[in-house]
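A.B. asks: sequence below, structure please.
(2 chains)
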Amino acid sequence: GAVVSQHPSWVICKSGTSVKIECRSLDFQATTMFWYRQFPKQSLMLMATSNEGSKATYEQGVEKDKFLINHASLTLSTLTVTSAHPEDSSFYICSARDPKRGVTDTQYFGPGTRLTVL
Amino acid sequence: QKEVEQNSGPLSVPEGAIASLNCTYSDRGSQSFFWYRQYSGKSPELIMFIYSNGDKEDGRFTAQLNKASQYVSLLIRDSQPSDSATYLCAGGFGNEKLTFGTGTRLTIIP
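C.D. replies: Next up, the predicted model:
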């Protein structure tokens, strides 16, 4: 139970293009999803909190116009990296809360998407 | 400001021994605590959570919480090489977000 998937698992794109990453909760409804970024040998950095049917809440320093988040349903959130540049290359990981399992703060992580911008 | 601190390690433990991972937190209002395991190149995987003072056991893992001392620990008994990973401690304040520590890198030596 509490399975979260991400697609794609890896993507390589040219500088200036946009990339969309999908995050799905497969066996539960996730009212809240989170998007993290992680650079090599560094800790997780929360980018934004995504609530179904409302605008995402971005962390300080994260450009909302560059990292577009849409949480259109209780099982799907998407992150679009617009006009990607090499410095956006990173490991992007989503997580989801299942309020019916464990304690309400429990987050279950997707497998991550490795983005490389050439 | 809510902070969670961990020793970055690396922590080296012989196979079969007990690995002890520690975490302190600054916010007395933190309600729940989580231990995640992250293998190199992979995403974090939930090991267990704890929200009451005392010990909580799950197989070879035991989480310990001491709210008075603002201290959380994870014990891994009978350590195996497959336990070699980075262990992330996280605190929850009931407002959806988790505050993560920087992680402790654990190496089990065969």
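A.B. asks: confirm that residue B:34 sits in a strand.
C.D. replies: Yes: Residue B:34 sits within a strand when classified using DSSP: H, G, I helix; E, B strand; the rest coil.
A.B. asks: neighbours of it, how many?
C.D. replies: Burial of residue B:34 is recorded as 27 neighbouring residues (other Cβ atoms under 10 Å in any protein chain shown). Backbone N, C-alpha and C define where each C-beta goes, glycine included.
A.B. asks: for chain A, what lies in contact range of chain B?
C.D. replies: Residues of chain A lying near chain B by Cβ under 8 Å from any Cβ of the partner chain: A:32, A:34, A:43-44, A:46, A:49, A:93, A:97, A:102-112.
A.B. asks: residue contacts, the closest residue to chain A within chain B?
C.D. replies: The nearest approach of chain B to chain A comes at residue B:92, 3.1 Å away (Cβ to the nearest Cβ). Going by Cβ atoms under 8 Å, 6 or more residues apart in numbering or on different chains, residue B:92 touches A:103, A:105, B:30, B:31, B:32, B:33, B:34, B:98, B:99.
A.B. asks: could you do residue A:33 as well?
C.D. replies: Residue A:33 neighbours (Cβ under 8 Å, 6+ apart): A:23, A:25, A:49, A:50, A:71, A:77, A:94, A:95, A:96, A:97.
A.B. asks: top of those residues by neighbour count?
C.D. replies: Neighbour max across these (other Cβ under 10 Å) = residue A:94, 31 neighbours.
A.B. asks: which stretches of the chain have low pLDDT?
C.D. replies: Since you didn't name a chain, this refers to chain A. Applying pLDDT under 70 to chain A picks out residues A:102-103.
A.B. asks: nope, chain B please
C.D. replies: Scanning chain B for pLDDT under 70 picks out the ranges B:1-2, B:95.
A.B. asks: pull up the residues of it that are close to chain A.
C.D. replies: Contact residues (Cβ under 8 Å from any Cβ) of chain B with chain A: B:31-32, B:34, B:36, B:42-46, B:49, B:51, B:88, B:92-94, B:96-98, B:100-103.
A.B. asks: repeat that for 10 Å
C.D. replies: B:6, B:8, B:30-34, B:36, B:38, B:40-46, B:48-51, B:86, B:88, B:90-103, B:105 (Cβ under 10 Å from any Cβ of the partner chain).
A.B. asks: before we move on, the earlier item: from residue B:27, how far off is the residue of chain B closest to chain A?
C.D. replies: 10 Å (Cβ to Cβ, to the nearest Å).
A.B. asks: would you map the strands across chain B?
C.D. replies: Secondary structure of chain B by DSSP state E: the strands cover B:4-6, B:11-14, B:19-25, B:32-38, B:45-50, B:54-58, B:61-66, B:71-76, B:85-92, B:98-100, B:104-109.
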